[in-house]
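K.L.:
Let's see this in three dimensions:
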Amino acid sequence: MYYKLLNKSLVTNDDIEFNKKLGLPVEVFCPKEHRTVDFGRVQSFCNEEILINGTTYSREHNAFFGHPHLSA
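P.N.:
Predicted structure coming up:
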């Protein structure tokens, strides 16, 4: 889990947009339940929520893992 937090966390809009554009799957992890609650492609997102597999997930209450945006 520590590795994922350091290397796979999707925090910025650029991170999420990168995964959406490439069609890469994203893991939605609920820290309250200590489990993965969904896994799939980002359909849309805003500053508060991310839509994956037809379900919206709060960016504040969930952790999202995927491939971080590549810096220049």
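K.L.:
hey, let's count contacts and neighbours off CA atoms from now on
P.N.:
OK.
K.L.:
what comes into contact with the longest strand seen in the chain?
P.N.:
The residue-count maximum for a strand in the chain (DSSP state E) belongs to strand 35-45. Strand 35-45 is contacted from outside by 16, 19-20, 23-30, 50-54, using Cα atoms under 8 Å, 6 or more residues apart in numbering.
K.L.:
So what touches the helix or strand that that strand is followed by?
P.N.:
Proceeding N to C from strand 35-45, the next assigned helix or strand is strand 49-52, under DSSP states H and E. Applying Cα under 8 Å, 6+ apart, the contact partners of strand 49-52 are 38-45, 56-59.
K.L.:
Over to stretch 12-25?
P.N.:
10, 26, 39-45, 47, 66-69.
K.L.:
in what helix or strand does the residue sitting nearest the centre point of the chain lie?
P.N.:
The structure's the chain has its C-alpha centroid closest to residue 64; by Cα atoms, centre = their mean the separation is 2.9 Å. Residue 64 belongs to strand 63-65 when assigned by DSSP H and E.
K.L.:
And that strand, what does it pack against?
P.N.:
strand 25-30 (3 or more Cα pairs under 8 Å, 6 or more residues apart in numbering; DSSP states H and E).
K.L.:
The strand it packs on pairs with which strands, parallel or anti?
P.N.:
strand 35-45 (antiparallel), strand 63-65 (antiparallel) (DSSP bridges).
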